[in-house]
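S.K.: coords below, sequence missing:
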């Protein structure tokens, strides 16, 4: 296996990778993974290392000085390195677990909530807290939208189960089995938190019935029309927000980061929703009655 083939094997799905990840961050993390590969390091240990780096970064952000922001950016970069590496190790060593994938997601959310709380502390005023809070809400909307449409695209592209349909029922069934069997307290907590996230995501995207939310597009036509759209969506992924915060923290302009999300990125998100709705309207739908 060539190094390029091994790199591709370490990725999730190239079709929906964020450009900054695919051509920059994941290359760096792949080199890091190759270095630590012989060591008995597990994906969950890397997820916990990412969480620690994220929380340390938040402590520095809370100080609000130029020097502290620089250090926060450094630790935030290490957070993202470990965050990307855990999945690559799991795919290369084939030792990933469902709980591990959820832990990875929880580490992401805890890190970013901690960082935003720290940013509010650094402002120390009611108006500053309001600015940070509104920005956090916008960021959450961006992430939920991108996650949803990427998952839907992968459902048609590679047959992955979507987050808003069978996957939710599958996780609920496994969680119920854990409760019946007893024990597994940590795993049950992880599943519980993830189920709540899936439920919120599903309600946020649509209030329609389960039957109406089921896949209803012609696969070939869907992929043809949505491939360029999902590429545009990928520019709204976490790598963009992380890169912006790292760069602007280094130059000590956290305010530029917040205002860029509230202005440019929000406008881009609105345009993407409009583009997606137009694309869905033009995509050939399957005849539900014919299916039944």
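M.R.: Yep, that arrived. Everything quoted here is computed from the prediction, not taken from an experiment.

S.K.: not counting sequence-adjacent ones, nearest residue to residue 153?
M.R.: Spatial nearest neighbour of residue 153, excluding adjacent residues (C-beta to C-beta, 6 or more residues apart in numbering): residue 230 at 4.6 Å. C-beta here means a position set from N, CA and C on the backbone, and glycine is covered the same way.

S.K.: the one you found contacts residue 151, correct?
M.R.: No. Assessed by C-beta atoms under 8 Å, residue 230 is found out of contact with residue 151, at 10.5 Å.

S.K.: what do those two both touch?
M.R.: Residues touching both residue 230 and residue 151 (C-beta atoms under 8 Å, 6 or more residues apart in numbering): none.

S.K.: show me what contacts residue 158?
M.R.: Contacts here follow C-beta under 8 Å, 6+ apart; on that basis residue 158 touches 13, 15.

S.K.: please report how far it lies from residue 15.
M.R.: 7 Å (C-beta to C-beta, to the nearest Å).

S.K.: for residue 111, give me its contacts.
M.R.: Listed by C-beta under 8 Å, 6+ apart, the contact set of residue 111 reads 50-51, 54-55, 57-58, 79.

S.K.: widest-spaced pair of these?
M.R.: 50 and 58 (12.7 Å; C-beta to C-beta).

S.K.: tally of neighbours for residue 52?
M.R.: 16 (other C-beta atoms under 10 Å).

S.K.: and if you look at residue 222?
M.R.: 23.

S.K.: roughly how far does it sit from residue 284?
M.R.: 8 Å.

S.K.: go on, residue 110?
M.R.: Taken as C-beta to C-beta, the span from residue 110 to residue 284 is 42 Å.

S.K.: between those two, which one's more packed in?
M.R.: Between residue 110 and residue 284, counted using other C-beta under 10 Å, the more crowded position is residue 110 (15 against 12).

S.K.: if we ignore the residues flanking it in sequence, what's nearest the more buried one?
M.R.: Excluding the flanking residues, the one nearest residue 110 by C-beta to C-beta, 6+ apart is residue 51, at 6.2 Å.

S.K.: quick check, the one you found in contact with residue 112.
M.R.: No. Counting by C-beta under 8 Å, residue 51 stays clear of residue 112, with 11.0 Å between them.

S.K.: quick one: buried residues of the helix or strand encompassing the residue nearest to residue 153?
M.R.: Assessed by DSSP states H and E, residue 230 sits inside helix 219-233. Residues 222-223, 225-226, 229-230, 233 are the ones in helix 219-233 that count as buried (16 or more other C-beta atoms under 10 Å).

S.K.: mind giving me the packing neighbours of it?
M.R.: Packing partners of helix 219-233 (3 or more C-beta pairs under 8 Å, 6 or more residues apart in numbering; DSSP states H and E): helix 126-157, helix 266-282.

S.K.: among those helices, which comes closest to residue 40?
M.R.: helix 126-157 (31.4 Å).

S.K.: now that closest one, how far from the chain's geometric center?
M.R.: 9 Å (C-alpha atoms, centre = their mean, to the nearest Å).
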